[in-house]
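Student: Attaching a predicted model along with its sequence, questions to come.
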Amino acid sequence: TEREFVVKDFRLDSGQVLPLARIRYVTTGRRDQRAENVVLVPSWYTGTIEDNLYLVDAEAGIDPAKYFVVFTELFGSGKSSSPSNTPKPFDGPRFPVTTIRDNVRICHQLLFGKLKVRRLCSVVGFSMGAQQAFQWAVSYPDQVESIVPVCGTAKTYHHGVVRLESAISCLQADANWNNGDLLGPLEKGAEAWARHWAAWVYSQEWWRKELFRRNGHASPQDVIKFFVSRFDSSKANDVVLQARTWQRHDVGGSPGFDGDVEAALRSIRARVLYMPGETDLYFPMTDARYEMQHLKHAVWKPMPSLWGHPAGAGWSDKDKQLILKSIRTVLSE
């Protein structure tokens, strides 16, 4: 069932207050009497709830007969509070920058307030969903039993910040950008944005072996056209907002840690199944390995895939089956 959770006067990390903060969510399955059989699946960059629904699978993945699954969408999704759907004075480029902690905090109110959840048996997330999983484990250590971060880290390191800045600059360079108050469609900006994502999202081996043909693309140009088709100029400020959210992510910035990401990681009590992608250029293995050494209750399970970052979204069937099997193992422990 699709629903909307609304909080009045929601204070963000920045200190700004959203008069009405809205989060889109969907639930499936049944809560047990103790309300402790709950699995949270937050969304990823420009992703929707629908992109994650494949995780609910009675045979291979999260069994809805056993678990109550809650799917949420990030601020900036276009359906949760976003620059594209918020009235003045927070419309378009005036929408305040949100953090992963803002997203986690409002979802905590949804789950533990409105839905009367008592404990999360797992938070399963890909990419920015993995960032949210780590934040949950740091912010609410007594309420999260396990997390499964897939192709995502507990902090966005400098290379990630610069890479995202280059994607944003593709849009800002378009003659119609006008500081976010668009004068028209961002045709050139969209093409530049698509070339950026096409170059980074897949691994170099994926390109060399021409695995794009498995997606029905005849050439690299077709891959770029695919990413252009995914870009909607009317939502340009939404994708920029989510990129800003991604850039700012750092569990070390949580209250009590003074910017110390290592201390924040050491504080995690939840069991962690850490699943970085072996060829992920967004959240490289080196960053994940660095974080892994500070986690106390973690299992290291890299994804041996040539699909780069989208391995964690199950874009290839082999990766999808590995993710489903891994989640099922965590839930059965």
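Tutor: Cool, the structure landed.

Student: distance between stretch 112-128 and the chain's centre?
Tutor: 14 Å (C-alpha atoms, centre = their mean, to the nearest Å).

Student: buried sites along that stretch?
Tutor: Within stretch 112-128, the residues that count as buried by 16 or more other C-beta atoms under 10 Å are 112, 115, 117, 119-128. (C-beta placed from N, C-alpha, C; glycine too.)

Student: For that stretch, measure first residue to last.
Tutor: Stretch 112-128 has an end-to-end distance of 22 Å (C-alpha to C-alpha, to the nearest Å).

Student: mean confidence for it?
Tutor: Computed over stretch 112-128, the mean pLDDT rounds to 97.

Student: do the same with stretch 162-181
Tutor: Averaging pLDDT along stretch 162-181 gives 98.

Student: With stretch 287-305 instead?
Tutor: Here the average pLDDT along stretch 287-305 is 98.

Student: same question, stretch 196-204
Tutor: 96.

Student: got the end-to-end distance for stretch 173-180?
Tutor: Start-to-end, stretch 173-180 (C-alpha to C-alpha) is 11 Å.

Student: List just the nearest of the buried residues of stretch 112-128 to S146.
Tutor: Nearest to S146 among the buried residues of stretch 112-128 is S122, at 4.6 Å by C-beta to C-beta.

Student: Can you spell out which helices and strands pack onto the helix or strand that closest one falls within?
Tutor: Applying DSSP states H and E as the criterion places S122 in strand 120-126. Here strand 120-126 touches strand 38-42, helix 128-139, strand 146-150, helix 317-332, going by 3 or more C-beta pairs under 8 Å, 6 or more residues apart in numbering; DSSP states H and E.

Student: wait, which of the ones you listed is closest to E210?
Tutor: Ranking the helices and strands packed on strand 120-126 by proximity to E210 (C-beta to C-beta) places helix 317-332 first, at 17.3 Å.

Student: okay, the angle between the closest one and strand 38-42?
Tutor: Here the directions of helix 317-332 and strand 38-42 differ by 140 degrees (axes from the mean of the first three to the mean of the last three C-alpha atoms, to 10 degrees).

Student: contacting residues for R31?
Tutor: Neighbouring residues of R31 by C-beta atoms under 8 Å, 6 or more residues apart in numbering: N37, V38, F68, V117.

Student: Just the buried ones from those, in ChimeraX syntax?
Tutor: Buried subset of the contacts of R31, written as a ChimeraX selection, criterion 16+ other C-beta under 10 Å:
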select :37,38,68,117
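
Student: which among the contacts of R31 gets closest to L281?
Tutor: Looking across the contacts of R31 and measuring by C-beta to C-beta, the closest to L281 is V38, at 33.1 Å.

Student: got a pLDDT number for that closest one?
Tutor: 97.

Student: Can you list the residue ranges for strands in the stretch 201-333 of the chain?
Tutor: 271-274, 298-300 (DSSP state E, counting those that start in this stretch).
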